[in-house]
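Asker: Fold the following.
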Amino acid sequence: MAKKSGSKSMKRLSAPRSWDIERKSQRFIIKPSPGPYSTSNSYPLGVALRDLLHLVQNKREIDNVLSHAQVLVDGVARSDAAFPVGLFNVIEVPKEGVAYRLIPSSDGLAARKVAKEQANLKLCRINSKSKITGGRIQYGFHDGRSLLNNGLSLSPGDAVLMKVPEQSVVSSVKLSKGSLGLVLSGERAGQVGKISDVKKGTVSRERMVTISLSGGETELPARLIFPVGTETPAIEVQP
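Answerer: Numbers count the residues shown, from 1 in each chain. Presented below is the predicted three-dimensional model:
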């Protein structure tokens, strides 16, 4: 009989290079479940707890804390060690009084400790906008969330600051001239700069953003820029 699905295991040596893990300590590592993030742009929750945050030491401890609902991701208790966590997800352990936000860096996703008052705030970038039955507007976000809101006048590429897990919108920021943009990948990943221009895309060229960074002004594809605020970032997005 043919296989009905892919392998459920992953070798450490074949894990994405963006994962901050030891490659030769053990043969296998937790493989992330399917979700809104690609494997290279996320961590399985268990790997994040053990290898990135160093809150547990082994798989037995991972299973123990998750089975007792001691770990929250964006305010929701998660029990699956393979659950994928990615950009701006907040991993919180209330019993220990700590919360960490995953942010971009030149080496991949990094963890930043956040204050308790920011643990329930999350920036979400709009990936899609569509009109559904009844003429209502539905927004789809980078982390797989969706939201019905006719009061927002936003476009794909813009972002909203929302409270999680209730998904109530606090504010919004457009991908436009004068906004602050965060670089998501590459050598300058994690840097924040002022956007000076946004060029519309064409059939042969994607939308481009001109942004001022520490190394000078540069032009990057809009898909690599995440708007995070106007005068200051809406949340802490740098190490």
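
Asker: use CA for all of it now, contacts and neighbours both
Answerer: Will do.

Asker: Surely Glu206 is in contact with Pro221?
Answerer: Yes - the pair Glu206 / Pro221 is scored as a contact, 6.7 Å apart, by Cα atoms under 8 Å.

Asker: next SSE after the lengthiest strand in the chain?
Answerer: Identified as the longest strand of the chain according to DSSP state E is strand 121-131. Note on strand 121-131: by DSSP states H and E, the next helix or strand toward the C-terminus is strand 137-141.

Asker: Between strand 121-131 and that next one, find me the angle.
Answerer: With axes from the mean of the first three to the mean of the last three Cα atoms, to 10 degrees defining the directions, strand 137-141 sits at 130 degrees from strand 121-131.

Asker: which residues are contacting strand 137-141?
Answerer: Strand 137-141 is contacted from outside by 124-132, 146-150, using Cα atoms under 8 Å, 6 or more residues apart in numbering.

Asker: Mark which of those are buried, thanks.
Answerer: Applying 16 or more other Cα atoms under 10 Å to the contacts of strand 137-141, the neighbour count classes Cys124, Arg125, Ile126, Asn127, Lys129, Ser146 as buried.

Asker: Which members of those are the farthest-apart pair?
Answerer: Among the buried ones among the contacts of strand 137-141, the pair separated by the greatest distance (Cα to Cα) is Cys124 and Lys129, at 13.4 Å.

Asker: got the buried residues for the longest helix belonging to the chain?
Answerer: Ranked by residue count, the top helix of the chain under DSSP state H comes out as helix 59-67. For helix 59-67, burial by neighbour count (16+ other Cα under 10 Å) applies to Ile62, Val65, Leu66.

Asker: which residues of the chain score low on pLDDT?
Answerer: For the chain, applying pLDDT under 70 flags the ranges 1-7.

Asker: run the last query once more with 80
Answerer: Applying pLDDT under 80 to the chain flags residues 1-9, 24-25, 150, 239.

Asker: right, and the helix or strand after the longest helix of the chain?
Answerer: strand 72-73.

Asker: Spell out which strands sit alongside that next one in the sheet and which way each one runs.
Answerer: For strand 72-73, the paired strands and their directions (DSSP bridges) are strand 76-77 (antiparallel), strand 90-93 (antiparallel).

Asker: Tell me the helix or strand right after the longest one.
Answerer: Remark: after strand 90-93, the chain's next helix or strand is strand 98-105, criterion DSSP H and E.

Asker: Can you name every helix or strand that the helix or strand following that next one contacts?
Answerer: Later in the chain than strand 98-105, the nearest helix or strand by DSSP H and E is strand 108-113. Under the contact criterion of 3 or more Cα pairs under 8 Å, 6 or more residues apart in numbering; DSSP states H and E, strand 108-113 touches strand 98-105.

Asker: Would you map the helices across this protein?
Answerer: Taking DSSP H, the helices of the chain run over residues 45-47, 59-67.

Asker: Output those as a markdown table; include the columns distance to Leu184.
Answerer: Formatted as a markdown table, these follow (distance: least, Cα to Cα, whole Å):
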| stretch | distance to Leu184 |
| --- | --- |
| helix 45-47 | 21 |
| helix 59-67 | 29 |
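
Asker: From Pro233, how far off is Gly216?
Answerer: Gly216 sits 20 Å away from Pro233, going by Cα to Cα, to the nearest Å.

Asker: Okay then, goodbye and thanks.
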